[in-house]
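S.K.: Got a predicted model here, sequence first, then my questions.
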Amino acid sequence: MLACYKARAVPINVNWRYVADELRQVLADAGAKALFHEPEMTAVMEPSVARGDQYEALVAKGSPERDFAPRSGDDHYILYTGGTTGLPKGVVWRHEDIFFVVLGGGNPAGPPIEKPEEITRTPLENRALRLRVFLPPDDPGPEQFIQLSLSPLMHAGGQWSALATLLGGGKVVLYHERGVDMRTVLQLVERERITSLNMTGDVSAVPLLDELRADPDTHDTSSLQLLGSGASMLSGDAKAELLERIPTVVAISEAVGASEAPVEAATVTTRTGARPQSLKFNARPETAVLDDDLKPVVAGSGQVGRLAVRGRVPIGYHNDPEKTARTFIEIDGVRWSLPGDMATVDADGSIRLVGRGSQCINTGGEKVYPEEVEAIAKTHPAIADVLIVGRPDPKWGQQVVALVQLNDGASLDVDELDAHCRPHLAAYKLPRDVITVERVERSPTGKPDYEWARRSVTA
């Protein structure tokens, strides 16, 4: 990837789980000229790619001359994202914009740098990188910022974590197995002296806590000082227990965002603050929640709107001008990105995420956003994981249904879940049926597979 950028080529990410048809779609959409893969992927690659020169032949006939122009801030960074529905789409950024938005240009532990060249001062002035923000003034922090991300490099979270750490003078540790095993993760934390661990919401936090509970005296987590999370919900209960079980952690940072808007809102949980909450974030100056008329919603009104961010935003979607026009909107001369997250604004100005607009359930004319219900349902002691979806209903249009993965030996019926959720949710948001599944299906980064969920409730 770094070599491609050096040569002014544009690398794209390919999910190694794709089958041949999916791979062909992404490569055709991107107009890919070359494909790099591990030998074990050959069985999928062979029927998907037109045969051309192999790497060795290209090297043999290539010229050693540097015949490409100087790199530019206008060069493209393209991230293919599948989201939770639809075909993968390429989000196109300018290098300079993505750098300042999420790859370290903001210099969060000091004054923002003014131009990319100034990043050379970041590791010198900020030995602990992002940690210094949360440490006491007399604590110099670790000698080196060492990060491990549980999001694979084929996804935004993994790429951004790795590139931001490298650009900030830190050290990146790569997880080396296909599947994530938390015992292996904790062994890496101990052996490599990881200072920052990036997770994928409760998808990572719950099994991590299970392992810490099972062997509380086995794992040395004393190097950990910062936990991060994105791409999936991190519940308040999980944050509270992580702080309890890893006493050296000084902060848990969490962001809501998308490939089209990496940090729409963020929150930081520390030991001195109030008890952690789920789906509540601090608004940024560049963030707004807009109603159907593209006007800011009234704080404290409970009105749901589209989460939007301005400033440095992507150019658009590769080969999709219509979707670009729907997502990137100009309001009073300012360009905004509205990737589809729905939220309300509390009276104190904080943002409460309710879910993706594309997953909204319409029951009797009322709108129900799955993530809001999932956040409450997940706190039931019998539930290991849950997805909320709508099922066609002749009377109400759609019926709210919970697909639940239970903890070992647990049982749950709809009345028990109703009693648990009713004190916290309006009656129309309560699940009307509970379907138990062996495992809730999610993507490798923990994003919920709502297409699978809808098929499961209508089968």
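M.R.: Received, thanks. This one's a predicted model, so the numbers in the text were calculated from it and none came from an experiment.
S.K.: Show me which residues of stretch 93-109 are buried.
M.R.: 93-107, 109 (16 or more other C-beta atoms under 10 Å). The C-beta positions use only the backbone N, C-alpha and C, and glycine is treated the same way.
S.K.: Can you tell me which of the residues you listed lies closest to residue 228?
M.R.: Nearest to residue 228 among these, counting by C-beta to C-beta, is residue 102 at 12.2 Å.
S.K.: Quick one: residues contacting residue 311.
M.R.: For residue 311, the contact set (C-beta atoms under 8 Å, 6 or more residues apart in numbering) comprises 101, 286.
S.K.: separation between it and residue 335?
M.R.: According to C-beta to C-beta, to the nearest Å, residue 311 and residue 335 sit 9 Å apart.
S.K.: pLDDT-wise, which helix or strand of the chain ranks last?
M.R.: When each helix and strand of the chain is scored by mean pLDDT, DSSP states H and E, helix 122-125 comes last, with a mean of 49.
S.K.: Show the subsequent helix or strand relative to that helix.
M.R.: strand 146-149 (DSSP states H and E).
S.K.: For that next one, which strands pair with it and how are they oriented?
M.R.: strand 171-173 (parallel), strand 196-199 (parallel) (DSSP bridges).
S.K.: Now mean neighbour count, distance to residue 428 and mean pLDDT too, for these, in CSV please.
M.R.: Below are the strands paired with strand 146-149 laid out as CSV (neighbours: other C-beta atoms under 10 Å; distance: least, C-beta to C-beta, whole Å; pLDDT from 0 to 100):
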stretch, mean neighbour count, distance to residue 428, mean pLDDT
strand 171-173, 17, 46, 94
strand 196-199, 26, 33, 94
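S.K.: Provide the backbone phi and psi angles at residue 292.
M.R.: phi -70, psi -20 (degrees, to the nearest 10).
S.K.: quick thing: my sequence starts at 26, can you match it?
M.R.: In the new numbering, first residue 26, that becomes residue 317.
S.K.: Could you pull up the mean pLDDT of the longest helix seen in the chain?
M.R.: Counting residues, the longest helix found in the chain (DSSP state H) is helix 226-239. Mean pLDDT, computed over helix 226-239, is 92.
S.K.: Give me the helices and strands touching that helix, please.
M.R.: Contact here means 3 or more C-beta pairs under 8 Å, 6 or more residues apart in numbering; DSSP states H and E; on that basis helix 226-239 packs against helix 207-217, strand 251-254, helix 261-270, strand 408-418.
S.K.: Give me the residues contacting it.
M.R.: With C-beta under 8 Å, 6+ apart, helix 226-239 has contacts from 175, 205, 207-208, 210-211, 224, 244, 246, 254-260, 263-264, 266-267, 270-271, 403, 409-410, 467, 471.
S.K.: same thing with stretch 423-442?
M.R.: 386-388, 393, 398, 402, 405-418, 453-465, 478, 481-482.
S.K.: Quick check: buried residues in that stretch?
M.R.: The neighbour-count check on stretch 423-442 (16+ other C-beta under 10 Å) flags 423-432, 437, 442 as buried.
S.K.: how about the residue nearest the centre of the chain, secondary structure?
M.R.: The chain has residue 256 as the residue nearest its centroid, 2.1 Å off, counting by C-alpha atoms, centre = their mean. Assigned with DSSP: H, G, I helix; E, B strand; the rest coil, residue 256 falls in the coil class.
S.K.: related to what we said a few turns ago, mind listing which of the buried residues of stretch 423-442 are in strands?
M.R.: Counting by DSSP state E, the part of those found in strands is 423-431.
S.K.: on that earlier part again, burial-wise, tell me which of the helices and strands packed on helix 226-239 comes out on top.
M.R.: Burial of the helices and strands packed on helix 226-239 is given as mean neighbour count (mean count of other C-beta atoms under 10 Å); strand 251-254 ranks first at a mean of 26.
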